[in-house]
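Here you go, sequence then predicted model.
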Amino acid sequence: MNSDRAEEKSGGTVAAVPSEGPVESSIEAGRLRSLQGLGMLCAFAAGAWLGGAEAPIKVANAEISPTTISLVMVAGVFLARWSIPALVRGTTDVGKDARQAPHLIVWAVLAGCMWAVANTLTIYAIRDVGLSIAFPLWNANSLLAIFWGFLLFNELRSAGWMRWLGVLGGALVMFGGGALLAMASSAQAPAGKATMGILAALGAGALWGTMYIPYRKAYLSGMNPLSFVTFFTVGELATMIPLAVSYRGGTALWREITGARAVLFWLVLGGFMWVIGDLFQQYAAKYVGISRGVPLSNTNQLWGLLWGVLVFHELRGAGRSVYAEVIGGSILMALGAVTIAMSSATREEHSCWQDAAEGEARRYGLASDYVRAGMQGVDSGMGTKRRTLVDWALVAGVTAFFVVLGAMARIPRVELDWKWAAVISAAMLVLLIGGGIALWRRTKFN
């Protein structure tokens, strides 16, 4: 107990401990509460940025294929996944994690492959049923996250019947909200497209829900989220480039991208914003688990509703029943997610998580002090964090790339409310700054 206090006061570096033996249940109660509160804050921030990241898709013109849009967004994702870790911690820290847990590179690449396919499906879903409706449908991934968290990672074990009731009750409420939104989509979508839009959104949710298995394996093993997302992008590119080329053809794809120079900035920006939300979600998964962090970050559906209805006027001219279904369904799903998230892990349940971490350590031969430090949100001390010329070159290069794209960009030819766009963007920035400061103070981004 006292060593935990010393670690927290000494700037987040774990003291030297023997590398043999099991991962002990040694997190102080106050530290555990602090990390769970941090995880919930990160999940709320994730919801805001994951929701806002889809808004730039609306500026893309109808002639651009969904596959091409997804490929350009992946380019923005790639830029963010390398430049943000380089800025925050440095690529030397990424290399340290790779040496400690090399097996997680494979899991990260696999997760990236699933993300690329899911993201492409969301483009089709948004086109067919709109932002305010598609979001909650693919957020069925939270149900899968609850299932995988319980089955594979000991989440909700020894949680008590009240917390089980909160999680299962919240899941049922979310299902009811999703049903209302599906009814609304059938009324609002163009003829013949509602079914395809619903299926695309649900397919994306299934892939994203399964993608959280590698996430949880990584953080039980001690890997830093900033390292995991760097390897994640390899799978995204390895999947998205062949998918786009095979679907469109190399020449046609290049012609389409160069012909869309005026909107490339917005699509790359969307990918960059998505990574900010995903990083917050990664920290949420690390500190409150996927069975709670994923549903809470799925408040992105409300941010999608705000962007869709207030900024892009998606439901203009719709009848009162449609408004009631969309708003009521979104509120139900949000209430269900909050109910799940507020069923916080007890100390007994957290001990079960540590048993799962011990299993990962034995399975892959990981040093227990590395795993223990990761669970406590402190630095394992297995390397020196420093930024090199490579890190600064990455940050400068990405900045220059955005400046060039911004110079070619034009104001989108879509009707939108700039006042509401500014208000929502300001709220997102508040969550970004608040979440970033909290992560730094409590964990130094560990």
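Thanks, I have it.

how many other residues sit next to Trp353?
For Trp353, the neighbour count with other C-beta atoms under 10 Å is 23. The C-beta positions use only the backbone N, C-alpha and C, and glycine is treated the same way.

After the helix or strand containing it, which helix or strand is next? Please name it.
For Trp353, the element it lies in under DSSP states H and E is helix 347-364. Going down the chain from helix 347-364, the next helix or strand is helix 368-376, by DSSP H and E.

Just want the angle from that next one to helix 347-364.
Relative orientation of helix 368-376 versus helix 347-364 (axes from the mean of the first three to the mean of the last three C-alpha atoms, to 10 degrees): 140 degrees.

what about helix 368-376, distance to the chain center?
Distance of helix 368-376 from the chain centroid (C-alpha atoms, centre = their mean, to the nearest Å) equals 23 Å.

Any stretches of the stretch 251-400 of the chain with poor pLDDT?
Counting by pLDDT under 70, the low-confidence segments of the stretch 251-400 of the chain come to 380-385.

can you pull out the helices in it?
Using DSSP state H, counting those that start in this stretch, the helices found in the stretch 251-400 of the chain span residues 261-288, 290-297, 300-306, 320-341, 347-364, 368-376, 389-408.

buried ones in the helix holding Trp353?
Buried residues in helix 347-364, defined by neighbour count with 16 or more other C-beta atoms under 10 Å: 349-361.

repeat for stretch 144-153
Buried, per 16+ other C-beta under 10 Å, within stretch 144-153: 144-150, 152-153.

And stretch 225-244, by the same measure?
Burial within stretch 225-244, assessed by neighbour count using 16+ other C-beta under 10 Å, is assigned to 225-237, 239-240, 243-244.

how about the CA coordinates for that stretch, as PDB?
C-alpha atoms of stretch 225-244 as PDB (Å, rounded to 0.1, in the frame of the first residue of the first chain):
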ATOM      1  CA  PRO A 225      -2.200   2.800 -25.500                       C
ATOM      2  CA  LEU A 226       0.000   5.200 -27.400                       C
ATOM      3  CA  SER A 227       2.200   2.300 -28.400                       C
ATOM      4  CA  PHE A 228      -0.600   0.000 -29.300                       C
ATOM      5  CA  VAL A 229      -2.200   2.400 -31.700                       C
ATOM      6  CA  THR A 230       1.000   2.900 -33.600                       C
ATOM      7  CA  PHE A 231       1.100  -0.800 -34.600                       C
ATOM      8  CA  PHE A 232      -2.700  -0.800 -35.100                       C
ATOM      9  CA  THR A 233      -2.300   1.400 -38.200                       C
ATOM     10  CA  VAL A 234      -0.300  -1.200 -40.000                       C
ATOM     11  CA  GLY A 235      -3.300  -3.400 -40.200                       C
ATOM     12  CA  GLU A 236      -5.500  -0.500 -41.300                       C
ATOM     13  CA  LEU A 237      -3.300   0.300 -44.200                       C
ATOM     14  CA  ALA A 238      -2.700  -3.300 -45.100                       C
ATOM     15  CA  THR A 239      -6.400  -3.900 -45.400                       C
ATOM     16  CA  MET A 240      -7.600  -0.600 -46.800                       C
ATOM     17  CA  ILE A 241      -5.200  -0.100 -49.700                       C
ATOM     18  CA  PRO A 242      -5.900  -3.600 -51.300                       C
ATOM     19  CA  LEU A 243      -9.600  -3.200 -50.600                       C
ATOM     20  CA  ALA A 244      -9.800   0.200 -52.300                       C
END
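
mind starting the numbering at 432 from now?
From this message on, residue numbering opens at 432, which makes the last subject stretch 656-675.

mind listing what the most centrally placed residue in the chain touches?
The centre of the chain sits closest to Asp709, judged by C-alpha atoms, centre = their mean, with a distance of 2.7 Å. Shown in contact with Asp709 (C-beta atoms under 8 Å, 6 or more residues apart in numbering): 477, 481, 660.

okay, now the first one: neighbour count?
So the one you mean is Ala477. Counted with other C-beta under 10 Å, the neighbours of Ala477 add up to 29.

my guess is it contacts Asn731, does it?
Yes - if you go by C-beta atoms under 8 Å, Ala477 and Asn731 touch, sitting 7.3 Å apart.

which residues are common contacts for the two?
Shared contacts of Ala477 and Asn731, defined by C-beta under 8 Å, 6+ apart, comprise Gly708.

who's in contact with Ala635?
By C-beta under 8 Å, 6+ apart, the residues touching Ala635 are 549-550, 552-553, 556, 569, 572.

Could you export these to JSON lines, including columns for neighbour count?
Converted to JSON lines, the contacts of Ala635 look like this (neighbours: other C-beta atoms under 10 Å):
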{"residue": "Ala549", "neighbour count": "23"}
{"residue": "Asn550", "neighbour count": "26"}
{"residue": "Leu552", "neighbour count": "24"}
{"residue": "Thr553", "neighbour count": "27"}
{"residue": "Ala556", "neighbour count": "29"}
{"residue": "Trp569", "neighbour count": "27"}
{"residue": "Asn572", "neighbour count": "24"}
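
ok so Ala590 is a helix residue?
No - counting by DSSP: H, G, I helix; E, B strand; the rest coil, Ala590 is not part of a helix but coil.
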